[in-house]
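# Pasted the sequence and its predicted model underneath.
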Amino acid sequence: MFLKIICVGRLKNDLERKIFKRYEKLITYIAPKVGFSSIKLTELSESRSKKTIVRKTEEAQLILKKCHRNAHLVCLDQHGLSMNSVQFAEWIGELRHESAHEICFLIGGPDGHGDLVKEATKTNLALSPMTLSHGLARVVLSEQLYRACTILAKHPYHR
């Protein structure tokens, strides 16, 4: 099973990019040990439309094109499910045993997710009840994915 992070927009902050790359490398090392093939980041261009609804729709279409038809879509949303790290690891572990081809974590553009994504999403997940910048959300998500893999592998990283 593949882990994907699909984001509208590109990381502009070098520190966030460096931290994300660190966790991406760590996940790539440990993921196969717990039944995941790899992790992949896909960055999509923000829509340039002047109308918010059109921007969100265009971005939603781009996001969905990057997901396998049998993917489990996880929409990052501050109003979504809140889990601690162990619960998140257990949930990821359960999804690993289902028939999904990949788990796609979706980070929308500045205006949020379009209705097409919301309708296709199986899970809404909150990283925090606070609003996070898109770059920080990627860093937090990548660290939590690494932590989930280490929990599943019974590695001492999570103590």
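Perfect, thanks for sending it. Numbers count the residues shown, from 1 in each chain.
# ok, M83 touching T123?
No. Using C-beta atoms under 8 Å, M83 makes no contact with T123, being 10.3 Å away. Any C-beta I mention is one placed from the backbone N, CA and C, and that applies to glycine too.
# Mind naming the longest helix for the chain?
As assigned by DSSP state H, the longest helix anywhere in the chain is helix 134-152.
# tell me the mean pLDDT over it?
For helix 134-152, mean pLDDT is 95.
# before we move on, what about stretch 73-86?
94.
# Provide the contact partners of it at residue level.
67, 91, 103-108, 112-113, 117-118, 120-132, 137, 141, 144, 147-148, 151, 158 (C-beta atoms under 8 Å, 6 or more residues apart in numbering).
# all strands of this protein, in order?
Per DSSP state E, the chain carries strands over the ranges 2-8, 38-44, 72-82, 102-107, 123-126.
# okay if I get the ones you listed as JSON lines plus mean neighbour count and distance to L62?
Formatted as JSON lines, those follow (neighbours: other C-beta atoms under 10 Å; distance: least, C-beta to C-beta, whole Å):
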{"stretch": "strand 2-8", "mean neighbour count": "22", "distance to L62": "7"}
{"stretch": "strand 38-44", "mean neighbour count": "16", "distance to L62": "5"}
{"stretch": "strand 72-82", "mean neighbour count": "18", "distance to L62": "14"}
{"stretch": "strand 102-107", "mean neighbour count": "24", "distance to L62": "11"}
{"stretch": "strand 123-126", "mean neighbour count": "17", "distance to L62": "19"}
